[in-house]
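Q: Fold the stuff below for me.
(chains A, B, C and D)
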Protein chains: 4
Amino acid sequence: MQIEWAERNMPVLMLIRERFQREKPLAGLRLSASLHVTKETAVLARTLAAGGADVFLAPSNPLSTQDDVAAALAADGIKVYAWKGMNEREYYNAIGAAIAHSPQVTLDDGGDLTITLHKLAMGISDESIQYARETAGDLDFKALVKGIYGGTEETTTGVIRFRSMEREGSLLYPIIAVNDSYTKHLFDNRYGTGQSTWDGVLRATNALIAGKVVVVSGYGWVGRGIAGKAKGLGARKVIVTEVDPVRALEAVFDGFEVMPISKAAEEGDIFITATGDMRVIDYNTMLRMKDGAMLANAGHFNVEIDVDAVEKNAVGKREVRPFMVEYKLPNGRVIYILGEGRLINLVAAEGHPSEVMDLSFANQALAAEYIVKNRGKLTPSVTKLPEDLDIEIARLKLKAMGIGIDELTEEQRRYISAWALGT
Amino acid sequence: MQIEWAERNMPVLMLIRERFQREKPLAGLRLSASLHVTKETAVLARTLAAGGADVFLAPSNPLSTQDDVAAALAADGIKVYAWKGMNEREYYNAIGAAIAHSPQVTLDDGGDLTITLHKLAMGISDESIQYARETAGDLDFKALVKGIYGGTEETTTGVIRFRSMEREGSLLYPIIAVNDSYTKHLFDNRYGTGQSTWDGVLRATNALIAGKVVVVSGYGWVGRGIAGKAKGLGARKVIVTEVDPVRALEAVFDGFEVMPISKAAEEGDIFITATGDMRVIDYNTMLRMKDGAMLANAGHFNVEIDVDAVEKNAVGKREVRPFMVEYKLPNGRVIYILGEGRLINLVAAEGHPSEVMDLSFANQALAAEYIVKNRGKLTPSVTKLPEDLDIEIARLKLKAMGIGIDELTEEQRRYISAWALGT
Amino acid sequence: MQIEWAERNMPVLMLIRERFQREKPLAGLRLSASLHVTKETAVLARTLAAGGADVFLAPSNPLSTQDDVAAALAADGIKVYAWKGMNEREYYNAIGAAIAHSPQVTLDDGGDLTITLHKLAMGISDESIQYARETAGDLDFKALVKGIYGGTEETTTGVIRFRSMEREGSLLYPIIAVNDSYTKHLFDNRYGTGQSTWDGVLRATNALIAGKVVVVSGYGWVGRGIAGKAKGLGARKVIVTEVDPVRALEAVFDGFEVMPISKAAEEGDIFITATGDMRVIDYNTMLRMKDGAMLANAGHFNVEIDVDAVEKNAVGKREVRPFMVEYKLPNGRVIYILGEGRLINLVAAEGHPSEVMDLSFANQALAAEYIVKNRGKLTPSVTKLPEDLDIEIARLKLKAMGIGIDELTEEQRRYISAWALGT
Amino acid sequence: MQIEWAERNMPVLMLIRERFQREKPLAGLRLSASLHVTKETAVLARTLAAGGADVFLAPSNPLSTQDDVAAALAADGIKVYAWKGMNEREYYNAIGAAIAHSPQVTLDDGGDLTITLHKLAMGISDESIQYARETAGDLDFKALVKGIYGGTEETTTGVIRFRSMEREGSLLYPIIAVNDSYTKHLFDNRYGTGQSTWDGVLRATNALIAGKVVVVSGYGWVGRGIAGKAKGLGARKVIVTEVDPVRALEAVFDGFEVMPISKAAEEGDIFITATGDMRVIDYNTMLRMKDGAMLANAGHFNVEIDVDAVEKNAVGKREVRPFMVEYKLPNGRVIYILGEGRLINLVAAEGHPSEVMDLSFANQALAAEYIVKNRGKLTPSVTKLPEDLDIEIARLKLKAMGIGIDELTEEQRRYISAWALGT
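A: Sure, this is the predicted structure:
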């Protein structure tokens, strides 16, 4: 029922599903995905299956699976290896199981599936690899990876990882950076995370945002979505911390306070990290905070807030509400960490609304089709989905929302490309 | 005194001036510029002169010159050929005079100087060229253009023109697209035009924005600045019209109504064009408007609103207030065209505030220096100022505003470029 | 633990509790309350008990009780008669039990307790009275009501009811309209309901507000809170419907669209009622709505949306998600009613955040004390808490938030009350 | 032409004018007004004249007269005694001339006309009275005042003065506090001053508001209009200073910083006073300000910023731009005072837009008519215009804007006044 509700709100993906059903562009394809197992992912999985793919679904975060969705997908015949609250080992077992499926296309959200495949193929071993091997079994991973036509990646975080690999020359198969599509990062990151992060914070704390000082670390698309909605919810002051001078200056001119995190630490009531980097809020920063400060993370990995450090140093710890843990610091103050420092929108709420995942997953579906259509022609690099497909997604979404726009007249088209006309 | 006031608000450009004074990087350089002759341009001209250049200043719009500024610059020994309210012929005479100066570097805002140079060198003739020749005299324009190290361009409009020329192979010397610097288009176009356009509209009309329906055509950086400030001023409804589906969808999710201009025409009280294209509001669109609709343009050229058509077809015309002309249409309704459909912020107000021109003109000054330093090495193409110079401008601006930001730690720098770390 | 979390966020009420503990101003008082049984109410109940009162707590809405809170209060020795999901009979049984306690002071939220007492004393009988009598037993209700020193009322809705009674001459004991305190209606209704209503809608639907058309019926304090936050969350268009021309005009100048509900019905994606009146959205209005429209109520009683009519006329009904019921209309479209048309913030979320209930319940506590202190001196009319107490609550809240303000100098005080000084 | 433009934007007042023309409710009435002589006042004056009154117009501020308007009105046969840039003596000469006209009704904006009449009748003398007598001549002022049916007052400031007089028992004739009408203070003060104050600041400074720290003193209707628009224009931080705890707390929850002026002084780039009190920014506060701070006043009288003190203590002074004077302080910093600390929206811009004056002046016109109709029945006290007239103005405005609203059904009307219906 929940999935049906999502389908109603994902009209672009449903149009793609209809076409996939008719055209079967993924017929016989083995496709493994590491995605948050939510109702929206279910709509994508069913779309890929409708296109003829044999879909295997692993989670992309140990805490983000919605169990009823996993069950419904399994009932549909999609292979799912995921449940809410996996431990580290179970999580990488799931990745391993997705690999055992010998995928020809991978769909990734954060990069764990793709990176694990690369480590296996390159013979790198660490704990995550040992866990993955427990379920992947003893395959020829080099050959397996050679057989992959290509993969996709959903997040900024994952794309940064793959670009590093590309620069190093260690990327083994082509990656479509879905995140780089306009209809992905301009929408999902800004409007989706902007809202769902606050939804998560409200469910975890029931705090009144009006009157609060909110600190947002990182002013990328996610950070600006969160900062904008903080203002919209009536925060008394929204402080942005940044390392990039251009983004910092944009934040200033967008009406935010900008200062170093060490100073912001002393002012904030609620802190939200969205940088993609580690230890943005370290233990020393926590020691500067006011009594009762609340900390949440909206970045992909749970490394932005140094939860380990506070776990080690706190002199008291208790759960005050679901997803809200109080730590008593040696200086006598308490701070609250929400959702263990993991993606708060997925842990405490339901992730992005379907309406915006419609755009992101339309990109995923078209990227999978594009990889299949162009198999053998793509090189092991990180590229975008062709711009015409990207724009077509926007066009379909506007249409589904009943919104019309203008077309350039012939005269206007000519004018815009003529250089000799002037004042 | 006005120029001094601008200098106080342009700290980045003043820091560059100090260095130019010491280092004289433009010593002996002949530099011709076609820029709006405002107090901010005066601060730039003095900076270039401080760097050792011999500066010649022509206007970039027949109506935008501030006569007191022109007089003050002339008193400084800078050659100025500009006054408020030039006619077409006088305007191109000024361009011609700038060309007669045999510039080695050109600074442009809209592209008229550069295009005129190209037409002269290519032997293209039209009315504007005839006017330019009246003052440029009988030079060997091919040789003159060959001697140019490079030029800059301030606006989106100009950059689009030069990119067309580059594609056609007709661009004759290197152009630094100042507009493409982050510290230019992200700031000047959005915050500068966003505010100054409304300043111009308010001065021209004294209309109450609260309660009004505002239609903004174009959702580029300029358009989104104008639309955002319209909301900030309390407009009852802000409608965006667009031809690009991605931008249109962004406008929707940013909280604006989106519809075709033909439909928006019937709802709007105030229309502002910011597309860079022609006849965005044509005569048929005007005929659909409510009695009393007001029309203004924020795009570079006065072609976005079809003023000629209404001039030809109106059954009555009178000036109601300065910069506000009432046209009686054959259908019995009246519409008001502000500032003759020319850049309303320059015609009815004072253009961008100094604070934001500080960033744009810091780019112009550094671009001129960059062209001189790299003369002979640049090819006839359109490129950006190197990113490190761009970021340095942002850094200086933050410093001048007393705003600190964070630096990546060594650990964070490593993390962000490592791909093997995961969940 | 939840209650402790609320206590941390209710510093003003906690300061009052400290004083009550010392001074025991309510010693021996029998106090019956009909309030939403939430963690914040628990903080109030404990405060009243600390003041020496013998507290009896009934719910003020059949669905709004949080069972863990009820249990915790019972463990504290406070008499609670409430659980989540009572039926009509059980609800009035609870009211009756509160009456059986022979209260000297009543605290009310919506007025059901006070009205029931009046009906009993006046010999009016209806179904609710029959249920109340089942637990109230066979008392001399006239005498009982005579013994009541006074009561309080929390909501606009309740105050409107009591003012009607006062006008008719049927009000039997003094009522302090807590809602009329500045520190109540300016805060709780606007900021509290503004946020918590959206919290409820998001939990019920997980809908993306960006891009949606939101219709808010009623532009009182509650309605303007909801409309403002709708904009803050990025709604594409916020439409207000009103019956009062002054409020309607304010909405227009605040940047909202205003139109009759019949027209708004065709545009809205999400409808929220906040009028205090009945059948604001009737069945005919529902028939005009777009397929998939969502309807929620933020007013005190579940009469604003005509749920009965759709229950009777719909050709299909199913629960899509918790608190979200889909009705298939005879015209083929579906609409979604959230939380059965009851107060969405209490049904689907947790009611107002503690921070704002701190102000409202500080008023309740001081009103109870004021009634006791002035017993015998107050007449059966509806009055406000004295303004100095009201202002003192604001002062304490600012202090608790660490916010300083200015004091008038002697000279300024004189100036503001002198009339002879002019231009 | 300007007046015609105003007429187009004042549809409610024009409807009243039409009726006045037919009904002549003010036939033969001697009416003296002290109002800002702007195009909107011209529309009011013509309306009063259309109603049959013999109108005499004096200014209500020495700097706010628009000379072309004064000339146009004189040409219409309305007696005007006003020009831009009067000195103190000329200003009170004008008031005296208005008094010489022996008015039966007075219209006031700030109270100078009414207060002068009272001082004359009470035999109080000061410099302003001596100036007034120069033109008023040697009348029996007691008798003159006795003959006045009543007066109106436009501003909060004036109403405060008259309420003081009423309390003291020194008010000599009835005053309709136009400012207390909903359709006045909820609109003119908030939306009108909110916008026009910024219009004045922008014209005086051409400063970029984005990135600035703005300090607003006073959070009444004017202050909240200014603070809201500051945010809308992109200010980095908006600080409110207040003396009233309830308003201060509202400001906090509306998303503003609140702090004492002594602390705000150190942070602000632009300061705007709107308190109605004196010396809100005193010399010591100025000494704490950052180099380059700008100060403007939006309150009725030029006493909020202590201009005299800075005039006396500054070590340097020069006009940088029209309406912008730079003072060099002994501590080496400079500050800029805009428009001599007088109402910045009237001094540097054009006062409120016509659209909002339409509401205020509709109240003035109806108040004049109400006084005439009820002459002899009103007592010397400060009262509001009857609420039905107030609401009718809102209804006419909505109609003129083409905006429809709902009507209560009979059932709804009954429900809202019934107390016995409950949960």
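
Q: show me the contacts for the residue of the stretch 51-200 of chain A found nearest chain C.
A: Of all residues in the stretch 51-200 of chain A, A:Y191 sits closest to chain C, at 4.3 Å by Cβ to the nearest Cβ. Backbone N, C-alpha and C define where each C-beta goes, glycine included. Going by Cβ atoms under 8 Å, 6 or more residues apart in numbering or on different chains, A:Y191 touches A:G225, A:V356, B:F253, C:L208, C:A210, C:G211, C:G234.

Q: how much space between A:L295 and chain B?
A: 17 Å (Cβ to the nearest Cβ, to the nearest Å).

Q: ok, that residue touching A:N302?
A: No. Under the criterion of Cβ atoms under 8 Å, A:L295 makes no contact with A:N302, lying 11.6 Å away.

Q: Now for these two: what residues contact both?
A: With Cβ under 8 Å, 6+ apart as the test, A:L295 and A:N302 both reach A:G341.

Q: Up against chain C, what does chain A have?
A: Residues of chain A lying near chain C by Cβ under 8 Å from any Cβ of the partner chain: A:1-2, A:4-5, A:8-9, A:191-192, A:194-195, A:199, A:202-203, A:206-211, A:228-229, A:231-234, A:292, A:318-321, A:324, A:349-350, A:352-356, A:401.

Q: let's see 7 Å
A: A:1-2, A:5, A:8, A:191, A:195, A:199, A:202-203, A:206-211, A:229, A:232-234, A:292, A:320-321, A:350, A:353, A:355-356, A:401 (Cβ under 7 Å from any Cβ of the partner chain).

Q: Looking at A:L295 and A:N302, which is more packed in?
A: Set side by side, A:L295 and A:N302 show more neighbours around A:L295, with 27 against 21, by other Cβ atoms under 10 Å in any protein chain shown.

Q: The more buried one and A:F187, how far apart?
A: 27 Å (Cβ to Cβ, to the nearest Å).

Q: which bits of the stretch 151-300 of chain A sit near chain D?
A: Within the stretch 151-300 of chain A, the positions near chain D by Cβ under 7 Å from any Cβ are A:210-211, A:231, A:234-237, A:252-257.

Q: Show the model's pLDDT score for A:T156.
A: Note for A:T156: predicted pLDDT of 88.

Q: Is it correct that it is in contact with A:G276?
A: Yes. Contact criterion Cβ atoms under 7 Å: A:T156 and A:G276 qualify, at 5.8 Å.

Q: circling back: just name the closest of the contacts of A:Y191 to chain D, please.
A: Using Cβ to the nearest Cβ, C:G234 is the member of the contacts of A:Y191 that sits closest to chain D, with 16.0 Å.

Q: what about the closest one, how many neighbours?
A: C:G234: 23 surrounding residues under other Cβ under 10 Å.

Q: Neighbour-wise, which one of the residues of the stretch 151-300 of chain A next to chain D leads?
A: Within these, neighbour counts (other Cβ under 10 Å) peak at A:V252, which reaches 28 neighbours.

Q: show me what contacts that one?
A: Shown in contact with A:V252 (Cβ atoms under 7 Å, 6 or more residues apart in numbering or on different chains): A:V258, B:M401, B:I403, D:G211, D:R236.

Q: How about the contacts made by the second one?
A: Residues in contact with B:M401 (Cβ under 7 Å, 6+ apart) are A:V252, D:G211.

Q: Distance-wise, check it relative to chain C.
A: B:M401 is 25 Å from chain C, where distance means Cβ to the nearest Cβ.

Q: For the closest residue to A:A53 other than its chain neighbours, which three-state class applies?
A: Nearest residue to A:A53 in three dimensions, chain neighbours excluded: A:L26, at 3.9 Å (Cβ to Cβ, 6 or more residues apart in numbering or on different chains). State at A:L26, reduced to three classes by DSSP: H, G, I helix; E, B strand; the rest coil: coil.

Q: And A:V215, by the same measure?
A: Under three-state DSSP, A:V215 comes out as strand.

Q: contacting residues around it?
A: Applying Cβ under 7 Å, 6+ apart, the residues near A:V215 are A:I239, A:T241, A:A264, A:G268, A:F271.

Q: Could you count how many residues lie near the last one?
A: Yep, that's A:F271 we're talking about. Counted with other Cβ under 10 Å, residues neighbouring A:F271 total 30.

Q: wait, it sits on A:T285?
A: No. In this structure, A:F271 is not within contact of A:T285 by Cβ under 7 Å, at 8.7 Å.

Q: shared neighbours of these two, anything?
A: Counting by Cβ under 7 Å, 6+ apart, A:F271 and A:T285 have no contacts in common.

Q: Counting neighbours, what do you get for the closest residue to A:R8 other than its chain neighbours?
A: Of all residues not flanking A:R8 in the chain, C:G292 sits nearest, at 6.4 Å (Cβ to Cβ, 6+ apart). Using other Cβ under 10 Å, C:G292 has 15 other residues around it.

Q: now C:G292: how far from C:A230?
A: C:G292 sits 18 Å away from C:A230, going by Cβ to Cβ.

Q: for the helix or strand A:A70 falls within, what is the average pLDDT?
A: Under the criterion of DSSP states H and E, A:A70 resides in helix A:67-75. Taken as a whole, helix A:67-75 has an average pLDDT of 93.

Q: And stretch A:80-98, by the same measure?
A: 95.

Q: can you list contacts of that stretch?
A: A:32, A:34, A:37, A:56-59, A:62-63, A:65-67, A:70, A:73-74, A:112-113, A:116, A:128, A:131-136, B:423.

Q: what do you get if the cut-off is 6 Å, keeping everything else the same?
A: Applying Cβ atoms under 6 Å, 6 or more residues apart in numbering or on different chains, the set of residues contacting stretch A:80-98 from outside is A:32, A:37, A:56-59, A:62, A:65, A:67, A:70, A:73-74, A:112-113, A:116, A:128, A:131-132, A:134-136.

Q: now do stretch A:273-292
A: A:156-157, A:217-218, A:222-223, A:226, A:261, A:265-266, A:297-299, A:303-306, A:309-310, A:331, A:333, A:335, B:412, B:415-416.

Q: Put the buried members of the residues you listed into a PyMOL selection.
A: Buried residues among the contacts of stretch A:273-292 (16 or more other Cβ atoms under 10 Å in any protein chain shown), as a PyMOL selection:
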select buried, (chain A and resi 156+157+217+218+222+223+226+261+265+297+298+299+303+304+305+306+309+310+333+335) or (chain B and resi 412+415+416)
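
Q: Skipping adjacent residues, who's closest to the residue in chain A positioned nearest to chain C in space?
A: Scanning chain A for proximity to chain C using Cβ to the nearest Cβ identifies A:G232 as nearest, at 2.5 Å. With sequence-adjacent residues excluded and distances taken as Cβ to Cβ, 6+ apart, A:G232 is closest to C:G232, at 2.5 Å.

Q: related to what we said a few turns ago, taking the contacts of A:V252 together, which two end up most distant?
A: Across these, no pair lies farther apart than A:V258 and D:G211, at 10.0 Å, counting by Cβ to Cβ.
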